[in-house]
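Participant: One predicted model, sequence on top.
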Amino acid sequence: MSIKPASIGVAPRSDAIAQTEPVLETVSSRDGTTISYRRFGRGPGVILLHGSMSSGAHHVELARLLAATFTVIVPD
């Protein structure tokens with residue numbers, strides 16, 4: 001199955017090249033826990049969450065496809 005941005009009702013951004021390689025970032029929670037995440041693309045935000053016994057690495061291929069249209073956040 002192939003997902004194309006136009007098939008989900010949002011056209012790809014024409015003013016920017018899609019960022020298909022992730023930017024690795026971290027944020028600290030209120031209790032000081034460091035949370036790492038990958039950020040792809042530009043546009044409206046989408047968060048891809050993984051289940052238990054998994055990691056954000058399982059969503060990288062989908063995140064790269066969505067990056068043409070969305071800012072995709074994949075926490076670990």
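Facilitator: Alright, I've got the coordinates.

Participant: do you know how far Glu21 is from Gly45?
Facilitator: 18 Å (C-beta to C-beta, to the nearest Å). Using the backbone N, CA and C atoms, a C-beta is placed for each residue, glycine as well.

Participant: which stretches of this structure form helices?
Facilitator: With DSSP state H as the definition, the chain shows helices at residue ranges 60-66.

Participant: hey, where'd the strands end up in it?
Facilitator: 23-28, 34-40, 45-47, 71-75 (DSSP state E).

Participant: mind checking the backbone torsions on Ala67?
Facilitator: Recorded main-chain torsions at Ala67 are phi -60, psi -20, according to degrees, to the nearest 10.

Participant: From Arg42, how far out is it?
Facilitator: For Ala67, the distance to Arg42 - C-beta to C-beta - is 8 Å.

Participant: Between the two, which has more neighbouring residues?
Facilitator: The residue with more neighbours, out of Ala67 and Arg42 and counting by other C-beta atoms under 10 Å, is Ala67; that gives 25 against 17.
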